[in-house]
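# Model the structure of this input:
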Amino acid sequence: MNRRLFAGGAARARERHALGAERLRGLTLSPIKDVELQASRIPGVVSLAQGIPSFDTPQPIKDAVARRMAEGACARYSVSPGLPQLREAIAESLQRDGMRYDPDREVLVTVGSIEAIAATLLASVDEGDEVLVVSPTYASYLPAIRLAGGVPRFVPLAEDANFDLDAEAIAAAAGRRTRALLLCNPNNPTGTVFSRAQTLRMLRVAEEHDLLVITDEVYKDFVYGDQRIFSAAMEPSARDRIVRVCSFSKAFGMTGWRVGFLHGPAERVTDILTVHDALVTCAPVVSQYAALAALESGETFIAEFRAEFRRRRDHIIERLDALPHVFDYQKPNASYFVFPRVKDTIPEARDSRRLAAELLEHAHVAVVPGVAFGPTGEAHLRMCYARSAADVDLAFDRLADFFAGRPARVALPVPAAPRAVDQRVGRTMRRRGIAVLRRLARTRMARQRPRVVAITGSQGKTVMKRTVQELLARRFRVRANPLSYNTAIGLALAILGCEIDTRRPLRVLSGFARALWSAYVSRDPVDVMVLELGVRRAGDMRAHLQIVRPEIVIVTQVVPSYRDDHEALAVLREEIAVLCRQASADGAAILLCADDPALAAVAGDTPGAGRFATADLEARDSGTVLRLDGAEWPVRRDAVGASGRCALAAAARVGKLLGMSDDEIAAFLS
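Predicted structure coming up:
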């Protein structure tokens, strides 16, 4: 009997161990940490991977901690929720931001933000419950959800809207087992500050589906420009379903101190406290005193760090602008990350893990593959600009060499992908598919006859496209494909408003079905199409002009992506000349970037051509102004780099050409 009981108990123990092991098998080292680990094994690597600020903890914070240590105040546990005086200081800072929380019952000091998130999930999620996670988002959320027994379910952000929240997508993803929504605002990796409007819509969805909303706001102190963060915790009606997580790591250069906090409704925080106590007892007391000193004396340092990170953001955008054949990007408005999209013309653009591995091995530059942040992160790379400007410059010098085809330093042992079909068959199928798409695009244009704004050049085409689209959308129904496809089908896809994933045969078929619908059936009206005319070889522009005849042509700077691509530049300039000659003959308006001396010469040879330039925007003590047609327009938008300034100057001119009022343009600029 005892033997049978013992055998049964042993079997149950093995079963429990197997269950635990299975859960652990679902966990892996963070891909960000994995990249850093691989980089550490290669001498001379420049890392833009892990998000570690280059600043030391400010001296007044270290001095305050030293005094506490000398007093013997750091040698004992604090109460589990955290030092009372620290929680009171946190509550006072929350009140200044319009959020009222009881420091005794609704504030909890944690071992950094990730412990706060993990404890919240463990206290709130049962085995098999779903947790919605926006994509792309911070990679370390997934193991925390799985460790709690939850099932992560991705919800795409709206990349077209600079990766803003998509409340409709959240509603569509919420199901019977969905218990929570976890998001990062400002977002890591995109640097997005979620809009107030979409945040409120998201909260209405959360109420309809009774979801807990966990909002991780560790980058709240690094928001650039005039935009302000609107936290879900600032909405009084949603207070009972919000847990907000913050950290001292980023704002005060304290990543190694491992201290953060959360706040939420008292009942929820009580449950989280139970888990927190079981996991860690309390946050390190020495770190809690450092956090208290940061709240008491650290605001000046936050402002200094923020100003420096903004300078570094502007610098990395300028470096991205200098590789227009490789990257396009959404301007990050916060944090210290940029999440550029790799253009389809780059080998391995759709396999970010492989591309990141090649960059590490061949260029000795560490970046994080976009797919690590969720499925919609694929075809992107995350780069951290918390590093020094010298590191950023060295990394981009190496990237320029890599993408220019400089010889690799180390052979990369990555097997070649098998060919699914004979190359000749594949080429024939591709040519026929391109011809079909181009015919469908011409049909769509003939059916609707929208006005066309065409953008060509090299530097800043995507930034120009998004800026012009945003302005014109105030008056017109606008279509613009914000993702750059410098391929033979890019223009057709933009006109038809669809994408085709050539890696998956079924999706190719569904993509062609959508293209047919758009060409022959769709009644979605479009007043203006903002289209990029990409050029790779001689004859491309004539092929584009067989599909569209633009009413307005914008030509951005023609600059080299690499130091020695003179032949490609010569082809591009000749193709631009083809466009300008045809546009002039058609009576279209032509706007040329005067920052490029070669284009300035084209303007002189093209009757009626207008010019725009970075110098059109002038910074003064009273603020930035845009000079246009003898008038000065106040500018409060955050225009970053040459591409951003040129885009504003050109967009205002396009608005006037299409009959927008001065009031509409002024409202956009301000």
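# For residue 266, which non-adjacent residue is spatially closest?
Closest residue to residue 266 in three dimensions, ignoring its sequence neighbours and counting by Cβ to Cβ, 6 or more residues apart in numbering: residue 105, at 4.2 Å. C-beta coordinates here come from the backbone N, C-alpha and C atoms, glycine included.
# count of neighbours near the one you found?
Here the count is done by other Cβ atoms under 10 Å, and residue 105 has 15 residues near it.
# where does it land in three-state SS?
Three-state secondary structure (criterion: DSSP: H, G, I helix; E, B strand; the rest coil) places residue 105 in coil.
# Next one: it relative to residue 198, how far apart?
Between residue 105 and residue 198 the distance, using Cβ to Cβ, to the nearest Å, works out to 31 Å.
# rewinding a little: the residue nearest to residue 266 and residue 267 touch, don't they?
No: contact between residue 105 and residue 267 fails when scored by Cβ atoms under 8 Å: they sit 9.1 Å apart.
# residues in contact with residue 108?
81-82, 87, 116, 261-263, 269, 272-273, 276 (Cβ atoms under 8 Å, 6 or more residues apart in numbering).
# That one: helix or strand, and which one exactly?
Mapping residue 108 onto the secondary structure by DSSP states H and E places it in strand 107-110.
# Tell me the strands beside that strand, with direction?
When pairs are called by DSSP bridges, strand 107-110 turns out to pair with strand 260-263 (antiparallel).
# buried stuff in the partner strand?
Burial within strand 260-263, assessed by neighbour count using 16 or more other Cβ atoms under 10 Å, is assigned to 260-263.
# I'd like to know how far residue 580 sits from residue 77.
Distance of residue 580 to residue 77, computed by Cβ to Cβ: 74 Å.
# With residue 192 instead?
As judged by Cβ to Cβ, residue 192 and residue 77 stand 39 Å apart.
# which of these two has more neighbours?
Each of residue 192 and residue 77 had its neighbours counted (other Cβ under 10 Å), and the higher figure belongs to residue 192 (28 against 10).
# Leaving out chain neighbours, which residue sits closest to that one?
Nearest non-adjacent residue to residue 192 (Cβ to Cβ, 6+ apart): residue 163, at 4.3 Å.
# With residue 537 instead?
For residue 537, the closest residue by Cβ to Cβ, 6+ apart turns out to be residue 571, at 6.4 Å.
# Give me the helices and strands touching whatever helix or strand that neighbour lives in, please.
Under the assignment given by DSSP H and E, the secondary-structure element containing residue 571 is helix 566-586. Helix 566-586 is packed against strand 451-456, helix 540-545, strand 552-555, strand 589-593, helix 597-605, with contacts defined by 3 or more Cβ pairs under 8 Å, 6 or more residues apart in numbering; DSSP states H and E.
# So which bits of it are buried?
Neighbour-count burial for helix 566-586 [16+ other Cβ under 10 Å]: 568-569, 571-573, 575-576, 578-580, 582-584.
# Next, format those residues as JSON lines and append distance to residue 443 and pLDDT.
As requested, those are exported to JSON lines (distance: Cβ to Cβ, whole Å; pLDDT from 0 to 100):
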{"residue": "568", "distance to residue 443": "32", "pLDDT": "76"}
{"residue": "569", "distance to residue 443": "35", "pLDDT": "79"}
{"residue": "571", "distance to residue 443": "30", "pLDDT": "85"}
{"residue": "572", "distance to residue 443": "29", "pLDDT": "85"}
{"residue": "573", "distance to residue 443": "32", "pLDDT": "86"}
{"residue": "575", "distance to residue 443": "25", "pLDDT": "88"}
{"residue": "576", "distance to residue 443": "27", "pLDDT": "89"}
{"residue": "578", "distance to residue 443": "24", "pLDDT": "90"}
{"residue": "579", "distance to residue 443": "23", "pLDDT": "91"}
{"residue": "580", "distance to residue 443": "27", "pLDDT": "90"}
{"residue": "582", "distance to residue 443": "21", "pLDDT": "91"}
{"residue": "583", "distance to residue 443": "23", "pLDDT": "91"}
{"residue": "584", "distance to residue 443": "27", "pLDDT": "90"}
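# so residue 102, which of the three states?
For residue 102, the assignment made with three-state DSSP gives coil.
# what's the distance between it and residue 445?
62 Å.
# more crowded one of the two?
When neighbours are counted by other Cβ under 10 Å, residue 102 and residue 445 differ, and residue 445 comes out ahead with 19 against 13.
# quick one: average pLDDT of the strand or helix carrying that one?
Per DSSP H and E, residue 445 falls inside helix 423-448. The average pLDDT within helix 423-448 is 71.
# Need the nearest residue in space to residue 205, chain neighbours excluded.
If you skip the residues right next to it in sequence, residue 205 has residue 171 as its closest partner in space, 4.6 Å away by Cβ to Cβ, 6+ apart.
# A helix includes residue 267, no?
Yes: secondary structure of residue 267 (three-state DSSP): part of a helix.
# any idea which helix or strand comes after the strand holding residue 108?
Of the helices and strands lying after strand 107-110 in sequence (DSSP H and E), the nearest is helix 112-124.
# Could you list every helix and strand in contact with that next one?
With contacts defined as 3+ Cβ pairs under 8 Å, 6+ apart, helix 112-124 has these neighbours: strand 107-110, helix 141-147, strand 178-184, strand 212-216, strand 242-247, strand 260-263, helix 266-280.
# Map the structural domains onto the sequence of this protein.
Residue ranges for each domain of the chain read 29-54+305-403, 59-297, 431-669, as given by automatic domain parsing.
# Where does pLDDT dip in the stretch 501-650 of the chain?
Regions of the stretch 501-650 of the chain meeting the criterion pLDDT under 70 cover residues 501-508, 560-565, 603-605.
# do the stretch 301-450 of the chain as well
Using pLDDT under 70, the flagged stretches of the stretch 301-450 of the chain are 406-431.
# let's go with 90 and repeat that
321-325, 328-331, 343-350, 387-389, 404-449 (pLDDT under 90).
# Tell me where it has helices.
352-358, 389-403, 423-448 (DSSP state H, counting those that start in this stretch).
# now the stretch 1-150 of the chain
With DSSP H, counting those that start in this stretch as the criterion, the stretch 1-150 of the chain has helices at 2-25, 31-39, 59-70, 84-96, 112-124, 141-147.
# Mean pLDDT lowest where, among those helices?
When I compare these, helix 2-25 is least confident, with a mean of 49.
# Using the three-state scheme, assign the residue nearest the centre of the chain.
The centre of the chain sits closest to residue 190, judged by Cα atoms, centre = their mean, with a distance of 2.0 Å. With three-state DSSP as the basis, the three-state label of residue 190 is coil.
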